[in-house]
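Enquirer: how would this look folded up:
(one chain, ligands or ions: 1)
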Amino acid sequence: MAKNIRKPEEASRDKASITLLQLACDHEYETSFSRADAMAPCPIGADGYCCKVCGMGPCRLVKEGQTGVCGATRETVAARNFARMVAAGAAAHSDHGRDLAYTLLAAAEGHAPDYKVHDPAKLREMALYLDVEIDGRTNEEIAKDVALKSLEEFGKPQGEILYLKRAPKKRQQIWKELKISPRNIDREIVETMHRTNVGTDQDYEHILDQAMRCALGDGWGGSMLATDLSDVLFGTPGPVISEANLGILKEDEVNIIIHGHEPTLSEMIVAAAQDPEMIEYAKSKGAKGITMGGICCTANETLMREGVPLAGNFLQQELAILTGAVDAMVVDIQCIMQGVVKLANQFHTEIITTSPKAKISGATHIEFDEHRALEIAKDIVRRAADRFPNRGEMHIPEEHTQLIPGFSHEYITYALGGFYRGSLRPLNDAIMSGRIRGVVANIGCNNPRICHDSLHQYVVTEFLKNDVLVVETGCGAIASAKQGYMTPEAAFEVAGPGLREVCEAVGMPPVLHMGSCVDNSRILTVLAQMATEGGLGDDISDIPAVGMAPEWMSEKAISIGTYCVASGAYVIMGHSSPVEKVTEVNNFINEGWEKKVGGRMEFCNDGEEIVRRSLAHIDKKRADLGLPVYDPTKWGKSGDWRIEEFMELSLPERIEAAYGNSVK
Ligand code: NFS
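Expert: Take a look at the predicted model:
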């Protein structure tokens with residue numbers, strides 16, 4: 001048994017999770033929290049000193065100046081390990097994008113009757129970037145070519161990724177000069193693996209430049225295509241009302257959790273669960289209906305488009321099973337803990353794997369086939385209903401919070417500028433005037449080495465108080481949703497005076513949910529548009545903005561962080577650095593990269609310090625742009641939120657409050 005077992009309230013900040021962690025302690029159920037307590041991280045690997053790229057090792061470079069059997073230095077080893085993390089993360093995001101392109105192709109060719117083009121406007125926008133002819137052609141004809149062109153982006157023999165031209169001109173020039181413009185998505189991943197193979201690229205700076213090129217192929221390639229293709233197939237998100245946290249599960253309904261990343265099957269399960277025939281079937285098993293809930297980025301995908309409630313983020317996948325109320329957990333790819341199967345065996349829950357790429361020993365495998373998607377989805381829903389009568393004791397937590405997600409970049413420009421002149425101008429103006437001090441993109445995972453949701457919740461609260469607009473994706477977004485920060489009302493309660501005025505004028509929450517982790521490409525698009533809109537410089541690196549993944553755990557987060565840096569952003573990763581102890585490499589990814597691309601990556605696990613560094617960066621960028629010094633006392637004197645207070649005043653006092661001049 002581990003010596004340092006954390007109490008539930010030390011392991012999570014989320015009340016629903018704390019309740020279930022107490023249950024796990026009482027009944028000795030194993031979770032990622034208890035496994036993390038029981039096993040300290042390997043110190044050699046954690047410091048970046050472990051090399052296992054060949055059979056002469058693994059080499060443990062624990063002494064200063066020590067090299068591997070081949071002579072590789074600590075710097076080479078740490079840079080190789082880092083670059084391989086980027087390659088794995090980029091591969092995961094991008095392969096997800098590729099599958100969506102195949103789905104669009106099948107739909108366009110009539111082989112996948114359950115899918116169609118949902119957003120023809122987005123399809124046409126994609127066509128423009130991918131050089132696909134649109135005049136006089138049907139949606140299906142365009143969709144077929146868009147799918148084929150998208151697939152070419154993964155392996156075309158010549159040229160560069162076409163979406164790079166969505167970046168500001170200056171940024172494209174920087175990439176060109178540094179020779180880090182990705183040529184195609186797969187090639188940069190393969191080349192990173194090649195160069196980090198034993199005896200190949202052995203100059204840490206050169207390896208890390210390739211890591212940036214590989215990551216750019218993710219951000220401006222695989223992920224951006226994944227986002228666009230999902231929008232084309234399932235619709236570009238706009239605001240919807242939904243709820244977050246495990247309290248969305250229902251005692252008297254069949255509860256199905258969809259978990260993983262791809263929207264392809266989960267969208268079908270959502271459709272199947274609404275089918276009257278399926279609802280009748282659930283009733284025949286004694287349930288009153290069917291409830292769907294999402295975990296991880298599948299949750300974000302179906303939330304953004306269909307309003308499917310968020311059951312929780314990464315660290316809540318096992319906790320969902322502990323409720324005893326989940327009849328089936330349907331998973332596809334990425335961020336699915338193998339531990340869910342062992343735990344589910346102690347409950348009535350069935351774990352169903354669906355991806356041809358991902359099986360888990362002990363789980364039921366029902367392979368997804370896009371050609372008969374709805375039929376498979378209905379089978380899965382029936383299986384879940386069949387489990388309903390087997391339920392034992394249930395422990396559904398009370399917590400569930402309202403939220404309004406759906407902030408695609410298209411919707412943000414519409415909300416700010418209207419239908420006919422959609423624009424980011426009001427956002428740039430608000431930043432220029434100082435009403436909004438800057439923007440933070442808070443993204444990424446949970447990590448059981450960190451008190452669950454604690455850093456997400458702390459930093460976001462502080463940013464809002466300091467008039468920083470927060471945009472979010474992934475599990476960070478789910479943390480804020482559970483905290484109640486994704487309703488317009490939250491602006492009245494937490495936001496500083498300037499940000500509150502903007503949120504009130506637009507009717508938007510102070511924290512904008514922009515989707516899943518591949519949808520960080522939406523954030524790149526917003527930043528690129530802000531840079532070209534005018535007034536905030538002419539490149540992403542000029543904007544008073546910071547990106548962060550304070551509770552990161554996945555290699556995907558390292559890829560995201562790296563492409564944000566290569567795009568010019570200051571990025572703070574929380575938790576620990578995989579290269580922290582290798583000073584040269586650690587310095588290179590902040591100072592070295594800053595000299596090259598204007599962005600830098602730092603690792604910091606102290607919430608206060610993350611906030612301090614972020615605000616200092618935002619204020620410095622404001623000063624560099626010649627913008628007024630941030631002064632919260634200038635704002636907050638207008639707005640509907642003051643009406644009640646206003647109505648209690650006498651007429652002269654009202655005039656004074658409104659116009660600032662005294663009337664006697
Ligand atoms: Ni992103 Fe999504 Fe969550 Fe982290 Fe995993 S779900 S792709 S990797 S854990 S945010």
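
Enquirer: C-alpha only now, for contacts and for neighbours.
Expert: Fine.

Enquirer: residue boundaries of the helices in the stretch 451-600 of the chain?
Expert: 454-465, 474-483, 490-494, 497-506, 520-533, 555-566, 583-587, 593-597 (DSSP state H, counting those that start in this stretch).

Enquirer: Comparing these, which comes out most buried?
Expert: Most buried of these, by mean neighbour count (mean count of other CA atoms under 10 Å): helix 474-483, with a mean of 30.

Enquirer: between the helices of the stretch 451-600 of the chain, which gets nearest to residue 308?
Expert: helix 474-483 (12.8 Å; CA to CA).

Enquirer: Quick one: list the elements packing against that closest one.
Expert: On a contact count with 3 or more CA pairs under 8 Å, 6 or more residues apart in numbering; DSSP states H and E, helix 474-483 meets strand 242-244, helix 296-306, strand 401-403, helix 454-465.

Enquirer: from the chain's centre, how far out does the last one sit?
Expert: Yep, that's helix 454-465 we're talking about. 17 Å (CA atoms, centre = their mean, to the nearest Å).

Enquirer: touching the ligand at all, it?
Expert: No. Applying CA under 6 Å from any ligand atom, one finds helix 454-465 separated from the ligand by no less than 11.5 Å.

Enquirer: could you check the angle helix 497-506 makes with that helix?
Expert: 80 degrees (axes from the mean of the first three to the mean of the last three CA atoms, to 10 degrees).

Enquirer: Contacts for helix 454-465, please.
Expert: 12-13, 440, 442, 469-470, 476, 479-480, 483, 494-496, 499, 510, 550-551, 607-608, 610-611 (CA atoms under 8 Å, 6 or more residues apart in numbering).

Enquirer: Out of those residues, list just those in strands.
Expert: 440, 442, 469-470 (DSSP state E).

Enquirer: circling back to that earlier point, out of the helices of the stretch 451-600 of the chain, nearest to residue 141?
Expert: helix 520-533 (26.0 Å).

Enquirer: follow-up on the earlier one: output the helices of the stretch 451-600 of the chain as TSV; include the columns distance to residue 84.
Expert: Formatted as TSV, those follow (distance: least, CA to CA, whole Å):
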stretch	distance to residue 84
helix 454-465	26
helix 474-483	22
helix 490-494	40
helix 497-506	40
helix 520-533	21
helix 555-566	9
helix 583-587	14
helix 593-597	18
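
Enquirer: Is there a neighbour count for residue 27? I'd like the number.
Expert: For residue 27, the neighbour count with other CA atoms under 10 Å is 9.

Enquirer: Relative to the ligand, how far out is it?
Expert: 26 Å (CA to the nearest ligand atom, to the nearest Å).

Enquirer: Dump the helices and strands packed on helix 474-483 into JSON lines; add mean pLDDT as well.
Expert: JSON lines is the format used below for those (pLDDT from 0 to 100):
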{"stretch": "strand 242-244", "mean pLDDT": "97"}
{"stretch": "helix 296-306", "mean pLDDT": "95"}
{"stretch": "strand 401-403", "mean pLDDT": "96"}
{"stretch": "helix 454-465", "mean pLDDT": "98"}
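
Enquirer: For the one helix or strand residue 17 maps to, report the contacting residues that lie outside it.
Expert: Per DSSP states H and E: residue 17 is located in helix 15-27. Outside helix 15-27, the residues within contact range by CA under 8 Å, 6+ apart are 8-9, 11-12, 30-31, 245-247, 316, 319, 322-323, 395, 397-399.

Enquirer: and if we set it to 7 Å?
Expert: Around helix 15-27, the neighbours that count as contacts under CA atoms under 7 Å, 6 or more residues apart in numbering are 8-9, 12, 30, 246, 316, 319, 322, 397, 399.

Enquirer: what's the closest of those to the ligand?
Expert: residue 316 (10.3 Å; CA to the nearest ligand atom).

Enquirer: quick one, what contacts that closest one?
Expert: Contacts of residue 316 (CA under 7 Å, 6+ apart): residue 17.

Enquirer: For the stretch 451-600 of the chain, what lies in contact range of the ligand?
Expert: So the stretch 451-600 of the chain meets the ligand at 474-475, 517, 554, 556 (CA under 6 Å from any ligand atom).
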